[in-house]
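**Student:** output the structure for:
(one chain, ligands or ions: 1)
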Amino acid sequence: MRAEIRPIRWQDHQLLLLDQRRLPAEETYLELADYRAAGQAITDMVVRGAPAIGITAAYAMVLAMDSVAQQADWQMALAAAADELRAARPTAVNLAWAIDRQLQLARAQSSAAAARTALLQAAHDLLAQDIADNQRMGRFGVEALPERGGILTHCNTGSLATGGYGTALGVIRAGFAAGRDWQIYADETRPWLQGARLTAWELQKEGIPFSLNVDAASGHLMATGRIQAVIVGADRIAANGDAANKIGTYSLAVLAHYHQIPFFVAAPLSTVDFAMPEGSQIVIEERAADEVRNCGGRQMSPAEVAVRNPAFDVTPAKLIAGIITERGVARAPYTQALAALRG
Ligand SMILES: CSC[C@@H](O)[C@@H](O)C(=O)COP(=O)(O)O
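**Tutor:** Down below sits the predicted model:
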C-alpha cells in the first residue's frame, strides 16, 4: 500500500508542516510551536492550497491559545492573534473561515484550559472532515466528467493542498480508482511551479500516468483534440459561482469555452464565500517580484525589471460547467444551486 501524503500533522504539542518550498527535491517537515511562525509559514507558502491553509490556521489557533492562556483577558488576546493570522494571505477564504470558527468555539468555553482542549479537537476534526469530504467530492466528480479522454488540470489541488486526497486532483485520483480511461495533463503553473513540483510529485507517487506541459501549451493541446475536460480547484468562490483560483485558470476557462470543452471547479463548500455576491470583490494577492524574476534560484530576467505577479484570477461563473462539492455538483444558476447545497 502507498504511504498517504499528509502535509499537516500535530505531534507533541507542535504543528508539523511538510515544507512545500523544498519539494520535490527534499521531504522535510518544519516543526512549529508558535502561532506567529505558523502564520509566517502560510505567507511563505511552506503550506499552501486553500483547504490546507484553513487546517493549518485551525492548528495555529491552538498555538495562539498556548501563548495567551496565562493572560487574564485571554479572549481578547486570542482575538488579536486571530487578526494576525487572518492577514497571512488574502485570497483563500478557508483561512478566515477556519480562524473565525475557532474563535467562536473558544469564546463559548468557560476557561482557557477548556478552550485549548476544544480548539485542538476541532482542528483534528477539521482535518479528518476535509479528507472525508475530498473523497466524497471525488466520487461526485467522477460521475460529472467524461468517461474517457484527456483531462487538464492546473496548479496543485492534491493531498498537499488539503488535509489529504485533494479536490480536483482527488477527482482524478477517484477516476483512476474507478478505472476511468483518462490521460492526465498537468500545467506546470508558473511562477511557483505547483504543477511541475507538487502535482507531478503526487501523481508519480500515486502511480497515475500523466504528462507535464508548460502553461502556454494548453491552448494547443485543446485545439489538437487532446483535452476533453478541464478540472481545477478554487481559493474563494463568490455566491454567484465566480471562482478565484491560481493565476492562469481564467485563461484556461476562456480557451475551454472557445473549444467547447467543459470546465469544472472542485472545491469544498467551505471555499464558497456566501457573503460575497460576486467575484469582482475578491482580493487578489500580489506576490513578490522575485518569484517571477527568478526560477529555481536562477535569475531569469534583468535584475530590476518591473513585474506584475498576481497569484490568482477570477473565472466568471458563466464559463464553469459545474462546481463539484462534497454534497454534489452545483450547476448554473449557481446562486440558487450553491445555496441549496449549503442547506
Ligand atoms: C485544493 S487547492 C485549490 C486552490 O487553493 C489551488 O488551486 C490554488 O490556487 C493554490 O494556490 P497557492 O498559491 O499554491 O496557495
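**Student:** report the closest residue of the stretch 201-343 of the chain relative to the ligand.
**Tutor:** Nearest residue of the stretch 201-343 of the chain to the ligand (C-beta to the nearest ligand atom) works out as residue 233 at 2.7 Å. Any C-beta I mention is one placed from the backbone N, CA and C, and that applies to glycine too.
**Student:** pLDDT score for that residue?
**Tutor:** Turning to residue 233, the model gives it a pLDDT of 98.
**Student:** OK, contacts around it?
**Tutor:** Counting by C-beta atoms under 8 Å, 6 or more residues apart in numbering, residue 233 touches 49-50, 155, 157, 161, 167-169, 245-246, 265-267.
**Student:** same thing with residue 292?
**Tutor:** 191, 300-301, 307, 309.
**Student:** farthest-apart pair in those, please.
**Tutor:** 300 and 309 (12.8 Å; C-beta to C-beta).
**Student:** more neighbours: those two, which one.
**Tutor:** Between residue 300 and residue 309, counting by other C-beta atoms under 10 Å, residue 309 is the more crowded of the two (16 against 11).
**Student:** out of the contacts of residue 292, flag the one nearest to residue 204.
**Tutor:** Nearest to residue 204, judged by C-beta to C-beta, of those is residue 191 at 22.0 Å.
**Student:** count of residues packed around the closest one?
**Tutor:** For residue 191, using other C-beta under 10 Å, the count is 19.
**Student:** and it, what does it touch?
**Tutor:** Contact analysis of residue 191 by C-beta under 8 Å, 6+ apart lists 291-292, 295, 309.
**Student:** what does the stretch 1-150 of the chain put close to the ligand?
**Tutor:** By the rule C-beta under 6 Å from any ligand atom, the part of the stretch 1-150 of the chain lying against the ligand is 48-51, 92.
**Student:** what about the nearest residue to residue 317 once chain neighbours are set aside, neighbour count?
**Tutor:** Nearest residue to residue 317 in three dimensions, chain neighbours excluded: residue 241, at 3.1 Å (C-beta to C-beta, 6 or more residues apart in numbering). Look at residue 241: counted by other C-beta under 10 Å, it has 26 neighbours.
**Student:** residue 241 reaches residue 334, doesn't it?
**Tutor:** Yes - the criterion here is C-beta atoms under 8 Å, and residue 241 meets it with residue 334 at 2.8 Å.
**Student:** need the residues touching each of the two.
**Tutor:** With C-beta under 8 Å, 6+ apart, residue 241 and residue 334 have common neighbours 317, 320, 323.
**Student:** which helix or which strand is home to the last one?
**Tutor:** Residue 323 is located in strand 322-325, with elements delineated by DSSP states H and E.
**Student:** just the element for the closest residue to residue 162 other than its chain neighbours, please.
**Tutor:** With sequence-adjacent residues excluded and distances taken as C-beta to C-beta, 6+ apart, residue 162 is closest to residue 51, at 4.2 Å. Here residue 51 sits within helix 50-68, counting by DSSP H and E.
**Student:** mind checking how far that helix is from the chain centre?
**Tutor:** Averaging C-alpha positions (C-alpha atoms, centre = their mean, to the nearest Å) puts helix 50-68 16 Å from its chain's average.
**Student:** show me what counts as buried in the helix or strand following that helix.
**Tutor:** Downstream of helix 50-68, the first helix or strand assigned by DSSP H and E is helix 74-86. Using 16 or more other C-beta atoms under 10 Å as the test for burial, helix 74-86 gives 74, 77-79, 81-82, 85-86.
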